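Student: Just to be clear, the model below is a prediction. Sequence and coordinates:
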Amino acid sequence: MGNNLGIFISALCTALGAVPALFLGNLSHRFKDNLLAYSAGIMVAASTYALIPSTLKLSNMFVLTIGILVGTATLTALEMSLPHIELEHTSPAAHQARPLLLIAAMAIHNIPEGISVGVSFASQYEDLGSLVAFSIGLQNIPEGFLVCLFLVANGIPKLSALMYTAFTGGIELAASYLGLQLTDQYLGVVPYGLAFAAGAMLFVVYKELIPESHGDGNERSATFSFVIGLLTMILITDILR
């Protein structure tokens, strides 16, 4: 996989993942809760079966721990700094601050992801770039779907929702080309970037998606949807590898 092609495809997966969300009309609480839980399952599997294994393959448990904790702490600080009013799930205004948090979270955690992809392709290791681009691109698909779904569900016009989602992918694309300019001496940043992305994603899943999917009395069906999403991504990962 060529440098430019691998970088572009990895970032493009965010916009591609957003496309299915554009075809969803008015969602019932039950359907939305199950869809969010399904997305959460996909994102957990992307972290545990792509990002975390890739981190351990390139480094060790210490790097993984530091990266995940820094990613989680960064998202925690971001959530605390953004306007975020906790309201009852039955209130129509309950989710107004959540899309802003999600977009900012994805944009911020896409920076180390992109740098990791770029540095990997710039390194002397022939297959490293493809491995990292695959891991990042795989988890970009449910991320793009999730961001776009949140925006559409909160009344954002579909075209605008797609553009906002593509913007988060554009952040990663720019960061990837920045990483491409770096040399092998920066190769050590790659596993930290992968672990950071995993920590940020797990924060979003546990802090936002799972509570959101359990807010309207659909806990049992949402739980099954989460498990099905988890198995779906594991299957996809196994097939593509």
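Tutor: Nice, I can see it.

Student: any idea which residue sits dead centre in this protein?
Tutor: The chain has Glu143 as the residue nearest its centroid, 4.0 Å off, counting by C-alpha atoms, centre = their mean.

Student: so which strand or helix has that one?
Tutor: In this assignment (DSSP states H and E), Glu143 forms part of helix 128-153.

Student: mind checking how far that helix is from the chain centre?
Tutor: Distance, stretch centre to chain centre, for helix 128-153: 5 Å (C-alpha atoms, centre = their mean, to the nearest Å).

Student: What is it packed up against?
Tutor: On a contact count with 3 or more C-beta pairs under 8 Å, 6 or more residues apart in numbering; DSSP states H and E, helix 128-153 meets helix 3-18, helix 29-46, helix 52-58, helix 98-122, helix 158-180, helix 189-204, helix 219-240. (Glycine included, C-beta is placed from N, CA and C.)

Student: In terms of mean pLDDT, which of these ranks lowest?
Tutor: Among these, helix 98-122 carries the lowest mean pLDDT, at a mean of 80.

Student: Now do that helix and helix 158-180, the angle between them.
Tutor: 30 degrees (axes from the mean of the first three to the mean of the last three C-alpha atoms, to 10 degrees).

Student: Which positions in helix 98-122 come out as buried?
Tutor: In terms of neighbour count (16 or more other C-beta atoms under 10 Å), helix 98-122 has its buried residues at 98-99, 101-122.

Student: From the chain's centroid, how far away is that helix?
Tutor: On C-alpha atoms, centre = their mean, the centre of helix 98-122 falls 8 Å from the chain's centre.

Student: just the angle between it and helix 3-18, please?
Tutor: 160 degrees.

Student: Which strands and helices lie in contact with helix 98-122?
Tutor: helix 3-18, helix 61-81, helix 128-153, helix 158-180, helix 189-204.

Student: Could you figure out how far the first one is turned away from helix 29-46?
Tutor: With the same axes, to 10 degrees as the basis, helix 3-18 and helix 29-46 are set at 160 degrees to each other.

Student: Identify whichever of the helices and strands packed on helix 98-122 lies nearest to Ala37.
Tutor: For Ala37, the closest of these is helix 128-153, at 11.3 Å, according to C-beta to C-beta.

Student: same question for the closest one, mean pLDDT?
Tutor: Mean predicted lDDT for helix 128-153 stands at 82.

Student: Which of the residues in it are classified as buried?
Tutor: Neighbour counts using 16+ other C-beta under 10 Å place 128-153 of helix 128-153 among the buried residues.

Student: now that helix and helix 3-18, what's the angle there?
Tutor: 30 degrees.

Student: returning to that earlier point: winner for burial among the helices and strands packed on helix 128-153?
Tutor: helix 189-204 (a mean of 26; mean count of other C-beta atoms under 10 Å).
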